[in-house]
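> model the following, please.
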Amino acid sequence: MMDKVATKKYRHMVGKDPYDVPLEDYDLTQRELFQSNTIFGFLDRLRKEDPVHYCKDSKFGPYWSVLRFEDIMEVEGNAEVYSSEPSIAVMDPDPTGEFDLTMFIAMDEPQHGHQRRTVQGAVSPRNLANMEDLIRERVNTILSTLPIGETFDWVDKVSIELTGQMLATLFDFPFEQRRKLTYWSDVATSVPGPDSVVSSYKESRRILMEECVPAFFGLWKDRANKPPQHDLISMLVHGEETRNMATERPLEFLGNLILLIAGGNDTTRNSISGSVLFLNENPDQYQKLRENPELVTNMVPEIIRYQTPLTHMRRTATRDTVLGGKQIKKGDKVLMWYLSGNRDEEAIERPNEFLIDRKRPRHHLSFGFGIHRCMGNRLAEMQLRVVWEEILKRFEFVELMGKPERSYNNLIRGYTYLPVKLHPLKKAAKSA
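Residues are numbered from 1 along each chain as shown. Coordinates of the predicted model:
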């Protein structure tokens with residue numbers, strides 16, 4: 001009975017008009033708002049009326065919300081005042097201390113920089129240039145196996161499959177077992193429940209410790225006995241700051257693995273799915289793309305802005321400070337809502353429209369800013385670009401056949417199902 005009461009208490013915004021809910025009762029972390037895609041009205045109102053907003057009560061305790069583009073940039077750019085430790089999500093680390101995963105995105109300098117530099121070479125410009133042909137080959141293989149004229153799930157057949165293949169490449173993970181990587185990513189980032197891949201946090205811990213860790217520990221030992229290579233595990237094994245991580249700090253090892261897997265999975269996977277949805281919702285833009293395929297390069301960052309795969313990032317105030325005229329206290333949680341900043345009318349022209357020929361398409365917050373800016377941003381863009389270059393060569397139309405099903409998650413803005421039907425490219429009429 002108590003569970004039902006608690007659940008009802010924290011669902012007061014779902015299905016409500018944003019202007020019928022008092023500002024002091026706003027709690028943007030309610031996952032149902034993201035699953036139902038009804039969060040935007042609440043973000044719009046806060047951005048206009050209370051852009052640095054204090055939530056006094058939520059499942060995760062009190063926190064500040066930062067809604068405007070410029071205020072988010074201020075927080076991102078001041079790592080001394082706004083710390084990434086102990087967590088980059090609204091939820092605190094495991095209070096029992098039994099499963100307190102550490103990862104370099106939730107570290108401050110200098111530890112963050114040391115560990116990030118160790119693996120950043122995997123997505124260096126030289127490595128990316130070498131990857132493009134492989135990505136194109138894999139995209140073509142995937143597209144060639146898709147059914148024509150019948151409905152199928154784009155999330156499973158394309159988005160998950162392509163990102164799984166690329167993750168296997170980045171880790172030099174056994175290719176035939178690549179689906180384990182996306183599964184472990186889902187286990188680590190999903191909220192337990194009847195529609196989730198896990199029924200409890202205890203189950204997610206068991207899966208990660210009994211399946212994920214042993215698999216990667218085996219790869220770690222293998223790479224330790226070989227010369228340095230260009231995959232992420234080899235880079236960690238041979239990195240000066242990380243060479244003893246797996247044996248001396250196993251939870252930090254697991255935390256960084258989850259970070260790298262999820263980082264390589266969620267942005268690209270959900271943007272590939274989102275791109276199909278957005279073009280179907282905006283048929284004029286889809287027609288413009290068919291008539292001008294060269295717009296793909298410009299469209300890609302617009303997809304990532306409009307999707308905003310990570311809704312927010314958290315910082316923790318290291319001292320008393322002032323933001324947007326509000327008094328932030330030392331220890332307060334501060335949530336930067338990228339999803340709101342990417343729809344800020346003061347920073348982005350016509351932000352609620354999906355425009356594939358936008359003049360400044362990279363002017364967005366989806367990859368973060370400052371020292372924690374996503375290191376795989378160019379890889380994500382490359383995969384999206386190649387996907388759509390190849391789609392346009394093969395298909396007249398990727399048609400949405402029903403409503404998308406969205407993730408029950410307040411951090412990762414994703415899709416679990418997207419029914420589509422493919423229409424092959426019309427052949428040019430033969431000349432007389």
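
> buried ones in stretch 141-161?
142, 143, 146, 152, 153, 154, 155, 157, 158, 159, 160, 161 (16 or more other CB atoms under 10 Å). Any C-beta I mention is one placed from the backbone N, CA and C, and that applies to glycine too.

> next one: the third one relative to residue 392, how far apart?
Plainly put, residue 146 is 15 Å away from residue 392 if you go by CB to CB, to the nearest Å.

> do the same with residue 408
Residue 408 is 33 Å from residue 392, by CB to CB.

> more neighbours: which of those two?
Higher neighbour count among residue 408 and residue 392: residue 408, with 19 against 15, using other CB atoms under 10 Å.

> shouldn't the more buried one be within a helix?
No. Read with DSSP: H, G, I helix; E, B strand; the rest coil, residue 408 is coil and lies in no helix.

> isn't it right up against residue 30?
No. Here residue 408 does not reach residue 30: they are 10.6 Å apart, not a contact under CB atoms under 8 Å.

> right, and the helix or strand after the helix or strand containing residue 297?
In this structure, residue 297 is located in helix 296-307 according to DSSP states H and E. Reading on from helix 296-307 to the C-terminus, the next helix or strand found by DSSP H and E is strand 312-317.

> past that next one, which element shows up next along the chain?
Assignment by DSSP H and E places the next element after strand 312-317 at strand 321-323.

> what packs against that next one?
helix 69-76 (3 or more CB pairs under 8 Å, 6 or more residues apart in numbering; DSSP states H and E).

> give me the helices and strands touching the helix it packs on, please.
strand 321-323, strand 333-337, helix 338-341.

> quick check: buried residues in the shortest one?
Buried residues in strand 321-323, defined by neighbour count with 16+ other CB under 10 Å: 321, 323.

> do you know how far the residue nearest to residue 299 when sequence neighbours are not counted is from residue 288?
Distance criterion CB to CB, 6 or more residues apart in numbering; nearest residue to residue 299, sequence neighbours excluded, is residue 356 at 3.9 Å. Between residue 356 and residue 288 the distance is 6 Å, computed by CB to CB.

> what sits in contact with each of these two?
residue 295 (CB atoms under 8 Å, 6 or more residues apart in numbering).

> higher neighbour count, these two?
The residue with more neighbours, out of residue 356 and residue 288, is residue 356; 24 against 16, by other CB under 10 Å.

> ok, that one - contacts?
Counting by CB under 8 Å, 6+ apart, the residues that residue 356 touches are 285, 288, 289, 295, 298, 299, 302.

> per-residue confidence at it?
On the pLDDT scale, residue 356 is placed at 98.

> please apply the same query to residue 220.
Note on residue 220: pLDDT of 87.

> so what secondary structure elements neighbour the host helix or strand of residue 222?
Element membership for residue 222, per DSSP H and E: helix 213-224. Packed against helix 213-224 by the contact rule (3+ CB pairs under 8 Å, 6+ apart) you find helix 232-238, helix 245-248, helix 250-281.

> next helix or strand past the longest one?
With elements assigned by DSSP H and E, the helix or strand that comes after helix 250-281 is helix 283-291.

> which other helices and strands does that following helix contact?
Looks like helix 283-291 contacts helix 250-281, helix 377-394 (3+ CB pairs under 8 Å, 6+ apart).
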